[in-house]
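Undergrad: got a predicted structure here, sequence first:
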Amino acid sequence: MANIDFGGVVEEVITSEEFSLDKAKEVLKDETVVVLGYGVQGPGQSLNMRDNGINVIVGQREGGRSWERAVEDGFVPGKTLFPLEEAAQKGTVIQFLLSDAGQVATWPLIKSCLREGDALYFSHGFSIVYKDQTGIEPPENIDVVLVAPKGSGLTVRRNFLDGSGINSSFAVFQDFTGKAKERTLALGIAIGSGYLFPTTFEKEVHSDLTGERGVLVGCLLGVMEAQYNLLRKHGHSPSEAFNETVEELTQSLIRLVAENGMDWMLSNISTTAQRGALDWGPKFRDTVAPLFDELYKSVVAGQETKRVLETNSAPDYREKLQKELDVIQNSEMWKAGAAVRSLRPERR
Ligand SMILES: NC(=O)c1ccc[n+]([C@@H]2O[C@H](COP(=O)([O-])OP(=O)(O)OC[C@H]3O[C@@H](n4cnc5c(N)ncnc54)[C@H](OP(=O)(O)O)[C@@H]3O)[C@@H](O)[C@H]2O)c1
């Protein structure tokens, strides 16, 4: 563990310096790691582990695009790729990387495959923390652990391939073998985490659901639309409205934030922009604060998970979802965005 000072609060983190890949391989040398689900996280985590020399097989229901993708990625049916139940029976570490609704649907089957001493691994606290809704209550004679990459499965793979790594949080919910933490850290390093920071299942799911509904996606989508609509209402052209709302952010400012932080970005913009941002930042913060309160309460009360399970388990879920996504994709704003992006010199 390394002690890192996060703005005055010291926290422990684990990097590959404290826990090397060689150590991870040693810890996992007698394990068969089964990745159940080949959706978004499944490919990233399983391919990274395979490249890192871990004994990994994939479990995926047959007949769909995900099965085909696993085959295209070099998993061999009958050898390293199996239907869910068969795969789960072969594993000593079971990585439950189906969609959260898929985990609920398949739990009785997967539970019946678990043997004493196995490790059940999640990348989200959802199923365990909201067990009253999911019905997922693991038996007592297994380890239950979590490694949650803080980014898309696509980034898990891309960062691994470009030699960096994604940050992940980790937690142990149940330590039956006495080795749960060591197994968790080994898996965290094996899937390509840049560093690992400790959490609990509860903290992970509360912060994750808040983050994605808030700044990371929901809030961002909402404020972008609000500003674009405002500019359009006042007669600005689509290209101007989109450039001032999204393109300048993604092509310039957020890159500076990624490099050195908002504090640094603020000191490297025009004094005019600076004055405005310093005046308006607190107004936006105080205006949205009550909405964030409402969001966090809804998360903790289980209303968000209830809604996810209800909508995502419906038989016509994909069609309904597609309709909602189509509305956004077909809107003037995001069509204008496609046109703006096509004009980037590297895409012309
Ligand atoms: N998405 C991310 O980047 C991300 C980031 C951090 C953590 N996580 C967590 O990682 C876990 C996996 O998420 P994900 O986004 O990778 O999932 P996903 O892409 O939504 O997962 C889809 C996978 O689940 C299977 N599946 C869904 N319903 C099923 C059912 N009823 N029976 C059998 N298989 C079913 C799908 O098979 P088919 O293709 O055949 O439908 C596919 O393999 C979740 O706990 C999630 O919260 C995800």
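TA: Yes, it's here. Numbering: from 1, shown residues only.
Undergrad: where along this structure do the strands fall?
TA: 2-6, 9-15, 33-36, 56-59, 81-82, 93-96, 119-122, 143-149, 166-174, 193-198 (DSSP state E).
Undergrad: distance to Asp286 for those strands - can I get that in JSON lines?
TA: For glycine as for every other residue, the C-beta is placed from the backbone atoms N, C-alpha and C. Converted to JSON lines, the strands of the chain look like this (distance: least, CB to CB, whole Å):
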{"stretch": "strand 2-6", "distance to Asp286": "25"}
{"stretch": "strand 9-15", "distance to Asp286": "24"}
{"stretch": "strand 33-36", "distance to Asp286": "44"}
{"stretch": "strand 56-59", "distance to Asp286": "48"}
{"stretch": "strand 81-82", "distance to Asp286": "52"}
{"stretch": "strand 93-96", "distance to Asp286": "40"}
{"stretch": "strand 119-122", "distance to Asp286": "36"}
{"stretch": "strand 143-149", "distance to Asp286": "31"}
{"stretch": "strand 166-174", "distance to Asp286": "29"}
{"stretch": "strand 193-198", "distance to Asp286": "29"}
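Undergrad: of the ones you listed, which is nearest Gly281?
TA: When the strands of the chain are compared for distance to Gly281 using CB to CB, the nearest one is strand 2-6, at 21.7 Å.
Undergrad: which other helices and strands contact that closest one?
TA: For strand 2-6, the packing partners by 3 or more CB pairs under 8 Å, 6 or more residues apart in numbering; DSSP states H and E come out as strand 9-15.
Undergrad: got the buried residues for the strand it packs on?
TA: Counting neighbours by 16 or more other CB atoms under 10 Å, one finds that the buried residues in strand 9-15 are 13-15.
Undergrad: want to try a markdown table for the strands of the chain, with mean pLDDT and distance to the ligand as columns?
TA: Below are those laid out as a markdown table (pLDDT from 0 to 100; distance: least, CB to the nearest ligand atom, whole Å):
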| stretch | mean pLDDT | distance to the ligand |
| --- | --- | --- |
| strand 2-6 | 91 | 21 |
| strand 9-15 | 92 | 18 |
| strand 33-36 | 98 | 8 |
| strand 56-59 | 98 | 9 |
| strand 81-82 | 98 | 12 |
| strand 93-96 | 98 | 7 |
| strand 119-122 | 98 | 6 |
| strand 143-149 | 98 | 5 |
| strand 166-174 | 97 | 9 |
| strand 193-198 | 94 | 12 |
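Undergrad: I'd like the distance between the residue of the stretch 51-200 of the chain found nearest the ligand and Phe122.
TA: Taking CB to the nearest ligand atom as the measure, the point where the stretch 51-200 of the chain comes nearest the ligand is Gly102, at 2.6 Å. When CB to CB, to the nearest Å is the yardstick, Gly102 and Phe122 sit 13 Å from each other.
Undergrad: which of the two has more neighbours?
TA: The residue with the greater number of neighbours, taking Gly102 and Phe122 and applying other CB atoms under 10 Å, is Phe122; the counts read 27 against 18.
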